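K.L.:
please work out how this folds:
(2 chains)
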Amino acid sequence: MAVATAHCVALSGAVGHLVDVQADVSPGQVGTTLVGRVDSALNEGRDRVRMAIENSDLAWAGTTKRVTVLLSPADLPKSGAHFDLAIAVAILAATGEVDPRALESTAFIGELALDGGLRSVHGVLPMVLAASKREIQHVFVPEPQAREASMVPGMTVLGLRSLRQVVAALTDSEVPEAPPVPPLSGGRFLAWRGAERLEEVDMADLVGLEDAKYAVEVAAAGGHHMLLDGPKGCGKTSIAERIPSIMPDLTTSESVELTAIRSLAGALDPALGMATRPPFSAPHHDASKASVVGGGSGRVRPGLISLAHGGVLFMDEFPLFRTDVIEALREPLENGDITVARGEEAVTMPARSMVVLAANPCACGNSTGGKSPECTCTPVQRRDYDLRMRGPIADRIDVVRHLTAARFTYDPLVVQETSAAVRERVTEARRRQALRYAEHDWRLNGQAPSAALRERWPMTREAQKAVDHEIGQGRLSRRGAVKVHRLAWTVADLRGAPIPGTYEASVALSLRQGHALPTAIVSERAG
Amino acid sequence: MTTTAASRQAMGRYGEAVAERHLIGQGLVVLDRNWRGAAGEIDLVLREGDTLVICEVKTRYDNAYGTPHQAITPAKLERLKRLGAEWIAARGLVPPETRIDLVAILRPDRGAAHVEHVRGLC
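P.N.:
Sure, this is the predicted structure:
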């Protein structure tokens, strides 16, 4: 019987499905067919595999036999050139060049070049992750991607350079020399774009802005989305890019998810290993919808919102973003993941990040609030701008901070608090939340559903009364009251209070409504 | 090696003779050979049990221009099917099953010829 099966993984978004690559070599009209919903890049693999086998001095069965390759499950759409290696190995096993038993519980991932060399592919980490969940214990990958694959615990990884080397490894013979495989290009370039610079920044670099620093601390502790507004040069960007530095390390699942997303985007530098620190991503306001939420033609690429998973998505000049981008952000802000729907498939990728919006007070950026003489905006411009500020995303913002151009004098005696010190408080507050919500799906106050908060974790009676009073006065909407409730819990968690009281509620109200914080908080922090 | 029309024909006849011997050895019964129809020629018509076998014979010195298997193109297969139908009509037979086979013969410069019988191209 000339049938053999090798394993590979099909990706849809960040989700991998184990695929059996079955090759049948039997007498009949000569030719090679590939069946099982393959896309064109994969179908071209017939020619790559044939030439790779012939040029590796191995016997290509297709000259005298009929070769049928089935990729099953047959109804799952499959795309990408990474199936080449599995197809080649399955055919070689069907003709007896390789013992079919050597392919058991082993996955083969890699594209083949015509000379039989292996080529790197995108998304090795999520593929290997999926394979490990389906009792695959060994995986063959292109050499530069062995490190990436070995991030999956319990997996034996073999990184090789050519089809001949793979066959040699499967038949326990001497592995021949082969030229090295070039790595994917993307990685270094993206890593270079500022990730290293962001490791250096620290909250202690910022003098003054105590009010905003506290707001950021609360937002980071409870996973609240926030809006910073203020004139040019008041420090919106400086504060936002320091938020990751006060966030604790990623949880294990966040770390795996983020690394998998980076692998899909081709932005994974294997030298750095698993992602451990919260990411920061800052799309430009001209960015297309596909680049922010994911998509693109052909393969679905993760967007910047997924690359910010577990960290901060910073949208500077938020009102200038395109409307379709802003609309598309509603779903990830609500659910923590993003679904890109296509003709035949819907791809879901994780996208739970803390969104920080920044905006100038007006389109020209010169206004300092109110009727400012420096502002050159026309009334129409000002109206459009205000409309955008009140759009669907602004609705999902918990913390609002108005920054003013800092008026302070540098006092060398004042020691600024470092990010590490703030991070400790944030970590502790998050630990308290994790404990409280242990039996639920959400981890942070910012994600807690309002019904659960109302029933199980209310504020004190007096605190609730203060919030209700604001509603009665028309200064707070119902939706806003829920946000205040969540914020009050985060303020309590940061102080170590067992339940939010009137103090926490008043701080939360100020944070939500963009009012100045109690001077005690500001002066206590300024030292 | 230079080939002429005569040498190619001689080669074809040689191959057909080898194929016929091989198939008889396999228990097939020859019904007709080199039968000419409107669409061309059938090399061998045989019977194996209840099945009518239309057989094409391909002979090669080497595989430099592709294997004999690769010479059976979809168009060639189509022609063989039509010829088969013609033969059946001409003889007034109603075989329960019909199939098309290939005998591929590789005849190296020295040593024995290599004969491969591929059953059921369609």
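
K.L.:
going by C-alpha atoms from here, please, whenever you check contacts or count neighbours.
P.N.:
Noted.

K.L.:
in chain A, which helix or strand is least confident?
P.N.:
When the helices and strands of chain A are scored by mean pLDDT, DSSP states H and E, helix A:186-192 comes last with a mean of 46.

K.L.:
how about residue 19, secondary structure?
P.N.:
Because you didn't say which chain, this covers chain A. Following DSSP: H, G, I helix; E, B strand; the rest coil, we place A:Val19 in the strand state.

K.L.:
sorry, should have said chain B
P.N.:
Once three-state DSSP is applied, B:Ala19 turns out helix.

K.L.:
which residues are in contact with residue 60?
P.N.:
Went with chain A since none was named. Applying C-alpha atoms under 8 Å, 6 or more residues apart in numbering or on different chains to A:Trp60 gives the contacts A:Arg50, A:Ile53, A:Glu54, A:Leu92.

K.L.:
ah, I was thinking of chain B
P.N.:
Going by C-alpha under 8 Å, 6+ apart, the list of residues near B:Arg60 reads B:Pro68, B:Ile105, B:Leu106, B:Arg107.

K.L.:
give me the buried subset of the residues you listed.
P.N.:
Buried by 16 or more other C-alpha atoms under 10 Å in any protein chain shown: B:Pro68, B:Ile105, B:Leu106, B:Arg107, out of the contacts of B:Arg60.

K.L.:
quick one: which of those residues is nearest to chain A?
P.N.:
Nearest to chain A among the buried ones among the contacts of B:Arg60, counting by C-alpha to the nearest C-alpha, is B:Pro68 at 7.7 Å.

K.L.:
residue ranges with poor pLDDT in chain B?
P.N.:
Along chain B, the model assigns pLDDT under 70 to residues B:1.

K.L.:
for chain B, what is the nearest residue in chain A?
P.N.:
Counting by C-alpha to the nearest C-alpha, chain A gets nearest to chain B through A:Gly28 (4.6 Å).

K.L.:
I figured A:Val30 hits A:Gly62, correct?
P.N.:
Yes - with contact defined as C-alpha atoms under 8 Å, A:Val30 reaches A:Gly62; the gap is 6.3 Å.

K.L.:
who's more crowded, those two?
P.N.:
A:Val30 (24 against 20; other C-alpha atoms under 10 Å in any protein chain shown).

K.L.:
tell me the contacts of the more buried one?
P.N.:
Contacts of A:Val30 (C-alpha under 8 Å, 6+ apart): A:Gly62, A:Thr63, A:Thr64, A:Lys65, A:Arg66, A:Val67, B:His69, B:Gln70, B:Ile72.

K.L.:
which residue packs closest to it, ignoring adjacent ones?
P.N.:
A:Arg66 (4.5 Å; C-alpha to C-alpha, 6 or more residues apart in numbering or on different chains).

K.L.:
so the one you found sits against A:Thr32, correct?
P.N.:
Yes - A:Arg66 lies in contact with A:Thr32 (C-alpha under 8 Å); the separation is 6.3 Å.

K.L.:
what would the buried ones among the contacts of B:Arg60 look like in JSON lines with secondary structure and distance to A:Gly310?
P.N.:
Conversion of the buried ones among the contacts of B:Arg60 to JSON lines gives the following (DSSP: H, G, I helix; E, B strand; the rest coil; distance: C-alpha to C-alpha, whole Å):
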{"residue": "B:Pro68", "secondary structure": "coil", "distance to A:Gly310": "61"}
{"residue": "B:Ile105", "secondary structure": "strand", "distance to A:Gly310": "67"}
{"residue": "B:Leu106", "secondary structure": "strand", "distance to A:Gly310": "66"}
{"residue": "B:Arg107", "secondary structure": "coil", "distance to A:Gly310": "69"}
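
K.L.:
ok, and of the residues you listed, which contact chain A?
P.N.:
Under the cut-off given by C-alpha under 8 Å from any C-alpha of the partner chain, chain A has B:Pro68 from the buried ones among the contacts of B:Arg60 close to it.

K.L.:
biggest separation within the buried ones among the contacts of B:Arg60, which pair?
P.N.:
With distances taken as C-alpha to C-alpha, the most widely separated pair in those is B:Pro68 and B:Arg107, at 11.6 Å.

K.L.:
give me the common contacts of these two.
P.N.:
Shared contacts of B:Pro68 and B:Arg107, defined by C-alpha under 8 Å, 6+ apart, are found at B:Thr59, B:Arg60.

K.L.:
coming back round to it: list the contacts for the nearest residue to the residue of chain A closest to chain B once chain neighbours are set aside?
P.N.:
Distances taken as C-alpha to C-alpha, 6+ apart place B:Leu121 nearest to A:Gly28, at 4.6 Å, with adjacent residues excluded. Applying C-alpha under 8 Å, 6+ apart, we find B:Leu121 in contact with A:Pro27, A:Gly28, A:Gln29, B:Arg99, B:Ile100, B:Asp101, B:Leu102.

K.L.:
closest to A:Val21 among these?
P.N.:
Ranked by distance to A:Val21 (C-alpha to C-alpha), those are led by A:Pro27 at 19.8 Å.

K.L.:
contact partners for the residue lying closest to that closest one once chain neighbours are set aside?
P.N.:
Nearest residue to A:Pro27 in three dimensions, chain neighbours excluded: A:Lys65, at 4.9 Å (C-alpha to C-alpha, 6+ apart). If you count contacts by C-alpha under 8 Å, 6+ apart, A:Lys65 has them with A:Val25, A:Ser26, A:Pro27, A:Gly28, A:Gln29, A:Val30, A:Gly31, B:His69.

K.L.:
show me which residues of chain B are close to chain A?
P.N.:
Contact residues (C-alpha under 8 Å from any C-alpha) of chain B with chain A: B:Gly66, B:Thr67, B:Pro68, B:His69, B:Gln70, B:Ile72, B:Val118, B:Arg119, B:Gly120, B:Leu121, B:Cys122.

K.L.:
contacts only, for the nearest residue to the fourth one once chain neighbours are set aside.
P.N.:
Taking C-alpha to C-alpha, 6+ apart as the measure, B:His69 lies nearest to A:Thr64, with 5.2 Å between them; neighbours along the chain are not counted. For A:Thr64, the contact set (C-alpha under 8 Å, 6+ apart) comprises A:Pro27, A:Val30, B:Thr67, B:Pro68, B:His69, B:Gln70.

K.L.:
run the last query once more with 10 Å
P.N.:
If a contact means C-alpha atoms under 10 Å, 6 or more residues apart in numbering or on different chains, then A:Thr64 has A:25-31, B:66-70, B:104, B:116, B:118 as its contacts.

K.L.:
and which of those is nearest A:Gly391?
P.N.:
Ranked by distance to A:Gly391 (C-alpha to C-alpha), the contacts of A:Thr64 are led by A:Gly31 at 58.6 Å.

K.L.:
tally of neighbours for the nearest residue to that closest one once chain neighbours are set aside?
P.N.:
Using C-alpha to C-alpha, 6+ apart and skipping the chain neighbours, the partner closest in space to A:Gly31 is A:Arg66 (5.3 Å). Using other C-alpha under 10 Å, the number of residues around A:Arg66 comes to 19.

K.L.:
right, I'll leave it there.
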